[in-house]
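**Student:** got a structure for you, letters missing:
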């Protein structure tokens, strides 16, 4: 059943605590997903998501319905994240040349190691997530934001332009630059997008294992299955990006975010 978020918001403003709780529960995953893809660090993303959701609650009475509620919420999230200092992941991120070199070093090391065991192959998803996040972090925040909104989160270009508060033409140009850069890298380096490329998650796994990745030590939040929505225009770029980023579905919000929201808003949120 699809929730009517606008109706939940209206009821929440009228004092319905159950509606507010249901609304926040529906918003947790998309807000966290945006923060994680933009910031690249679980801790920073969870901090940012909590701050954004509190801002949504405190600003809800001022929502005028000029856009969809989800557009308005993402607008708040984007303003908040763009105003933040660099995340831990951004501070340690590599540019395209640096990431290419890291991948080459991983392949060279892994070639000297035994193949992954069946248990270790369960870590392939985590390897994929950390690698694709590294690719995103080679982009500047504005380009990364454009690509995340449209190709990863499924917003149409016009709606995404409203979210980032710029003209549709300016946003379209920003998105085209981001797609061109990331697609070129994916097609050159990533076996998820180009089967002829040398690099693959399985080939990188021994190197990641040597760096400390092991069962029970996942760095990123688990995924829940979701459908890949095909975007319009620049289909080659979109397909390359989608094949690398959407193979295992969409990020869900960690349970700890709900607990933090209950602690931050104890008078309106209750354990369910």
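**Tutor:** Right, received. Where do you want to start? Please read all numbers here as calculations on a predicted model, not as lab measurements.
**Student:** Give the residue spans of this protein that score low on pLDDT.
**Tutor:** 1-3, 214-239, 242, 246-251, 267-272 (pLDDT under 70).
**Student:** Report the central residue of it.
**Tutor:** residue 37 (2.9 Å; Cα atoms, centre = their mean).
**Student:** how close does the residue nearest to that one when sequence neighbours are not counted get to residue 92?
**Tutor:** Leaving aside its sequence neighbours, residue 37 sits nearest to residue 148 (Cβ to Cβ, 6 or more residues apart in numbering; 4.6 Å). Where you see a C-beta, it was placed from the backbone N, CA and C, and this is true even at glycine. Distance, residue 148 to residue 92, by Cβ to Cβ, to the nearest Å: 19 Å.
**Student:** Among these two, which residue is more densely surrounded?
**Tutor:** Set residue 148 next to residue 92 and count neighbours by other Cβ atoms under 10 Å: residue 148 wins out with 22 against 12.
**Student:** Tell me the spacing between the more buried one and residue 87.
**Tutor:** Counting by Cβ to Cβ - residue 148 and residue 87 are separated by 14 Å.
**Student:** all strands of the stretch 101-250 of the chain, in order?
**Tutor:** 223-224, 250-251 (DSSP state E, counting those that start in this stretch).
**Student:** Give me the number of neighbouring residues for residue 213.
**Tutor:** Per other Cβ under 10 Å, the neighbour tally for residue 213 reads 18.
**Student:** ditto for residue 10
**Tutor:** So residue 10, with other Cβ under 10 Å, has 17 neighbours.
**Student:** helix or strand for it, which one?
**Tutor:** helix 5-13 (DSSP states H and E).
**Student:** And whatever helix or strand comes next after that helix, what's buried?
**Tutor:** Next along the chain after helix 5-13, taking DSSP H and E as the criterion, comes helix 17-39. For helix 17-39, burial by neighbour count (16 or more other Cβ atoms under 10 Å) applies to 19-39.
**Student:** Moving C-terminal from helix 17-39, which element do we reach first?
**Tutor:** helix 42-59.
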